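[1] Predicted model and sequence follow; I will ask about them next.
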Amino acid sequence: MSPVGRQGFGVDIGGSGIKGAVVDLDEGTLVGDRFKVATPQPSTPEAISAVVASVVDHFGWDGPFGATFPGAVTSGVVRTAANVDPGWVGADIEDLFTKVTGQAVIALNDADAAGVAEVTFGAAKGRDGLVVISTLGTGIGTALIHRGVLVPNCELGHLEIDGRDAETKASAAAREREGMSWERWARHLDRYYQTVENLLWPDLFVIGGGVSRKADKFLPLLHLRTPVVAATLRNEAGIVGAALLAAAAAQTEAATGRADTTVDDVGVDDAGVDDVGVDEDPRPG
Ligand code: BGC
């Protein structure tokens, strides 16, 4: 029998579903099945907190866990809520979830969690330079990771393109809503990702979200100078990334004795990514 790896727990909150699972932190895989509940409508802090408590309860999880949120989260406080109830803005999400579950919680943006998972175990693993992980779902999420360091809360899905918020045309939800062909949607994706690559000059785009399962239908239609690959952890990336960062935060707390660690205090490298610092730059010159 293979030895049991370190385990963590992650909950991924999306506009349509709330999913949780136990995570093998060494392999970046789910231990057993995930449990999914439809996002309550209206998706208020109280309603979502109750679902998160039921997901944690379903697994009998007892320990720190990570939770993603589909908006900007700084120091455990929700700052934006484009696709969930506006009542979230200003809510202390970590506090709310700790109250209903009795567990220590680290909360972070959903795309940031997916990015951490992809760079630790997935499509961006071992890739140099600037990686932009972009999730196409109800909205468009963005994680920027430069040489193992996450720049959190990049809200590039809301870039204004042709006078409109980009995610109103280029998200996976926009394609479904408007019944767009892959070709038509790809033209919106081209416009969006060309804008992003002209602003950031990334070394790699990793495209995630549920629709990345069908990457062969639209990635070949894109005209970008930046290499593009599909995410490999797909819909599990958020759960895995959240669990990784929660475990890293718990470790930091144990080492520092501070009980108020947030995601800002732990690096992607703490979660398992090999970091090469600027002063360790291996390039000549
Ligand atoms: C939100 C982002 C989120 C993305 C994917 C956007 O509308 O503003 O914070 O990462 O949707 O859920």
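    That came through fine. Remember, it's a predicted structure, so these values are computed and weren't measured experimentally.

[2] Counting neighbours, what do you get for the residue in the stretch 1-150 of the chain that the ligand sits nearest to?
    The ligand sits closest to G139 of the stretch 1-150 of the chain, with a gap of 2.4 Å, by Cβ to the nearest ligand atom. (C-beta placed from N, C-alpha, C; glycine too.) Residues lying near G139 (other Cβ atoms under 10 Å) number 28.

[3] shouldn't it be in contact with A82?
    Yes. G139 is in contact with A82 according to Cβ atoms under 8 Å; the separation is 5.6 Å.

[4] Which residues are in contact with each of these two?
    Any residue near both G139 and A82 by Cβ atoms under 8 Å, 6 or more residues apart in numbering counts here, and that gives P70, G157, E167.

[5] Report the contact partners of the residue of the stretch 1-150 of the chain closest to the ligand.
    G15, P70, A82, N83, G157, E167, S171, A173.

[6] do the same with L108
    G66, A67, T68, F69, V73, P152, G241, A242, L245, V263.

[7] just V105 next, same as before
    P64, F65, G66, A67, I93, E94, F97, T98, A246.

[8] How about the second one, nearest residue that isn't a chain neighbour?
    Right, F65. Of all residues not flanking F65 in the chain, F9 sits nearest, at 3.9 Å (Cβ to Cβ, 6 or more residues apart in numbering).

[9] Same question for the fifth one.
    Computed as Cβ to Cβ, 6+ apart, the closest residue to I93 that is not its neighbour in sequence is A107, at 4.4 Å.

[10] how about that neighbour, secondary structure?
    strand (DSSP: H, G, I helix; E, B strand; the rest coil).

[11] mind checking how far it is from K217?
    Taking Cβ to Cβ, to the nearest Å as the measure, A107 falls 33 Å from K217.

[12] same thing with V196?
    21 Å.

[13] higher neighbour count, the two?
    Legend: neighbour count by other Cβ under 10 Å for V196 and K217, higher for V196 (23 against 14).

[14] What mean pLDDT does the helix or strand where that one lies get?
    Here V196 is covered by helix 182-200, with elements defined by DSSP states H and E. What helix 182-200 shows for mean pLDDT is 98.

[15] likewise stretch 69-86?
    Averaged over stretch 69-86, pLDDT sits at 97.

[16] For the stretch 151-285 of the chain, which residues are neighbours of the ligand?
    Residues of the stretch 151-285 of the chain found near the ligand (Cβ under 6 Å from any ligand atom) are E155, G157, E167.

[17] Surely the residue nearest to I93 and A67 touch.
    Yes. If you go by Cβ under 8 Å, A107 and A67 touch, sitting 4.8 Å apart.

[18] neighbour count winner among the two?
    Between A107 and A67, counting by other Cβ under 10 Å, A67 is the more crowded of the two (32 against 28).

[19] Could you please name the strands the host helix or strand of the more buried one pairs with and the direction of each pair?
    Here A67, judged by DSSP H and E, is contained in strand 65-69. Note on strand 65-69: by DSSP bridges, its sheet partners are strand 7-13 (parallel), strand 105-109 (parallel).

[20] most neighbours per residue, which of the ones you listed?
    Across the strands paired with strand 65-69, averaging neighbours per residue (mean count of other Cβ atoms under 10 Å) puts strand 105-109 on top, at a mean of 29.

[21] any residues in contact with both of A107 and A67?
    I93, E94, F97.

[22] Just the strands from this structure, written as ranges.
    7-13, 17-24, 29-38, 65-69, 73-74, 77-78, 105-109, 130-136, 140-146, 149-151, 160-161, 164-165, 204-208, 228-230 (DSSP state E).

[23] Figure out which of these is closest to E178.
    Closest approach to E178 among those is made by strand 164-165 (12.7 Å; Cβ to Cβ).

[24] do you know how far G14 is from I48?
    11 Å.

[25] what stretches of the protein score poorly on pLDDT?
    1-4, 260-285 (pLDDT under 70).
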